[in-house]
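Q: need a structure here:
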Amino acid sequence: MRIFVAGATGALGRPVVRRLTEVGHEVTGMTRSPEKRTLLEGLGARPVVADTLDAAAAQRAVSEARPDAVLNLLTALPPAGPTRARELRATNEVLQRGTANLIRGARPRARTAWWPSRSSGSTASGPAKW
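A: Now for the predicted structure:
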């Protein structure tokens, strides 16, 4: 199965990508940092560098990967974790705008499964608006 992992180099993304490749899936891992391409290659994934908040880049990254499934593990949390509500703003933005961009990129492939890492479309600031 071809799986596109958004947030592939994050705390959740790395072990997930590693496991998916170990069991034989073809994984495309998205990261914002060109420096993390080597990390993704080491995990067995095909790296793609794109910022999920850049609508055209995120949509192109998903579309070109032609995934059977998209796994959304996006966050933008501080390294030590959030300690104040304002530290969730960046994550809320990638969860709302970024996720919408990924969905638009996956939409042309009607058979693409969508696997969000959250149980709902809510964030610390309320329901997501797609």
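
Q: Which strand or helix spans Gly44?
A: Per DSSP states H and E, Gly44 falls between elements, in no helix or strand.

Q: again but with Arg19, I slipped
A: When secondary structure is defined by DSSP H and E, Arg19 falls within helix 13-22.

Q: which outside residues touch the helix or strand that that helix is followed by?
A: Helices and strands here follow DSSP H and E; after helix 13-22, the next one along the chain is strand 26-31. The set of residues external to strand 26-31 that reach it, using C-beta atoms under 8 Å, 6 or more residues apart in numbering, is 1-9, 13, 17, 20-21, 37, 39-40, 43-50, 52, 58, 61, 65, 67. Using the backbone N, CA and C atoms, a C-beta is placed for each residue, glycine as well.

Q: Now the buried members of these.
A: The neighbour count (16 or more other C-beta atoms under 10 Å) marks 3-9, 13, 17, 20-21, 37, 39-40, 43-45, 47-50, 52, 58, 61, 65, 67 as buried among these.

Q: one step back: what is the distance between the helix holding Arg19 and the centre of its chain?
A: What separates the centre of helix 13-22 from the centre of its chain is 13 Å, taken as C-alpha atoms, centre = their mean, to the nearest Å.

Q: quick check: angle from that helix to strand 26-31?
A: Angle of helix 13-22 versus strand 26-31, following axes from the mean of the first three to the mean of the last three C-alpha atoms, to 10 degrees, is 160 degrees.

Q: what comes into contact with helix 13-22?
A: When contacts are taken as C-beta under 8 Å, 6+ apart, the neighbours of helix 13-22 outside the stretch itself are 3, 5, 7-8, 27, 29, 39-40, 43-45, 71, 73.

Q: could those residues be laid out in a markdown table, adding distance to Val94 and pLDDT?
A: Below are these laid out as a markdown table (distance: C-beta to C-beta, whole Å; pLDDT from 0 to 100):
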| residue | distance to Val94 | pLDDT |
| --- | --- | --- |
| Ile3 | 19 | 94 |
| Val5 | 14 | 95 |
| Gly7 | 8 | 93 |
| Ala8 | 14 | 96 |
| Val27 | 20 | 97 |
| Gly29 | 16 | 98 |
| Leu39 | 19 | 97 |
| Leu40 | 18 | 98 |
| Leu43 | 21 | 97 |
| Gly44 | 25 | 97 |
| Ala45 | 20 | 98 |
| Leu71 | 15 | 91 |
| Leu73 | 11 | 91 |
